[in-house]
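J.: no sequence on this one, just coordinates:
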């Protein structure tokens, strides 16, 4: 065989291996994840939460940073945590943290950046490449200047460049700041950084008044992970709280249309089940995790 024939054969073989993988990705538009808020009331701890997720059939999870840090304080180590995750066949897609990076006070922001640096380094060590960046510390009081918020978001994105963990701008519907889709889109755009991403939630879209249709205005490259849940018809939006979230499909949110708007032909979207339901906390954690997965898949079927 001459050189041209060999190169041609290699190209064909390479294409043959890539195309099935691309087709498989497009045929599965969603990856299903468990946000550990769902089991938080069970007080299982870092390792047992992961074990429940694995037994329930999840391949992906969202952890809470303080749960990981409690594990580390209790004689655990980052290499051990990584080994547990790998042995259970899990991928940590994202982490929930509460560093007040957004606030006006410069001293508080400086401490928040130190906190985030530590947390990002810990997350990188266990293979997690995302961290939530909610408006912690700015949920009440005065409305912040969004241009200043964009500069602050860029600062933590640049920190992410160094650590390999990307902060995703999180919408909180109950907050004085970053409660609406237009606000997070403005901040993400004005941060002018290629890694800018947004993190939305069914409940928070409802609570903040943006609604599910607003997702259609969000550019698909900005969304990698989405918190899925549902909300009941009562209490009304103004009075509804985190604890009122229910399983996907058990409420009145137009989830099918929402998932159609989220669906990205170029990559699967991570749907992470997040609730803080006290009734669920009183049930068997494995049952809750399994039910969450089953209901997510049922809602997403045919999308």
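T.: Ah, there it is. Just so it is clear, the model here is predicted, and its values are computed rather than measured.
J.: ok, which stretches of the stretch 101-250 of the chain are strands?
T.: Per DSSP state E, counting those that start in this stretch, the stretch 101-250 of the chain carries strands over the ranges 130-133, 166-170, 197-201, 225-228.
J.: helices and strands around the second one, which ones?
T.: Strand 166-170 is packed against strand 130-133, helix 146-163, helix 181-191, strand 197-201, with contacts defined by 3 or more CB pairs under 8 Å, 6 or more residues apart in numbering; DSSP states H and E. Heads up, the C-betas are built off the backbone N, CA and C, glycines and all.
J.: Rounded mean pLDDT for that strand, please.
T.: In this model, strand 166-170 has a mean pLDDT of 98.
J.: Neighbouring strands of that strand in the sheet, and parallel or not?
T.: Its sheet considered, strand 166-170 pairs with strand 130-133 (parallel), strand 197-201 (parallel) by DSSP bridges.
J.: The last one too?
T.: Pairing partners of strand 225-228, with direction, according to DSSP bridges: strand 197-201 (parallel), strand 269-273 (parallel).
J.: Contacts for the very next helix or strand once past the last one next, please.
T.: Past strand 269-273, heading to the C-terminal end, the next element that is a helix or strand (DSSP states H and E) is helix 278-281. The set of residues that contact helix 278-281 without belonging to it, under CB atoms under 8 Å, 6 or more residues apart in numbering, is 38, 40, 41, 42, 243, 288.
J.: same thing but at 10 Å, please
T.: Contact with helix 278-281 is made by 38-43, 243-247, 275, 287-289, 291-292, as judged by CB atoms under 10 Å, 6 or more residues apart in numbering.
J.: Which SSE is immediately downstream of it?
T.: Next along the chain after helix 278-281, taking DSSP H and E as the criterion, comes helix 285-300.
J.: Quick check: buried residues in that next one?
T.: Within helix 285-300, the residues scored as buried using 16 or more other CB atoms under 10 Å are 285, 288, 289, 290, 291, 292, 293, 294, 295, 296, 299, 300.
J.: just checking, what packs against that helix?
T.: Applying 3 or more CB pairs under 10 Å, 6 or more residues apart in numbering; DSSP states H and E, one finds that helix 285-300 contacts strand 30-35, helix 46-56, strand 225-228, helix 255-262, strand 269-273, helix 278-281.
J.: if you set the cut-off to 7 Å instead, what comes out?
T.: On a contact count with 3 or more CB pairs under 7 Å, 6 or more residues apart in numbering; DSSP states H and E, helix 285-300 meets strand 30-35, helix 46-56, helix 255-262, strand 269-273.
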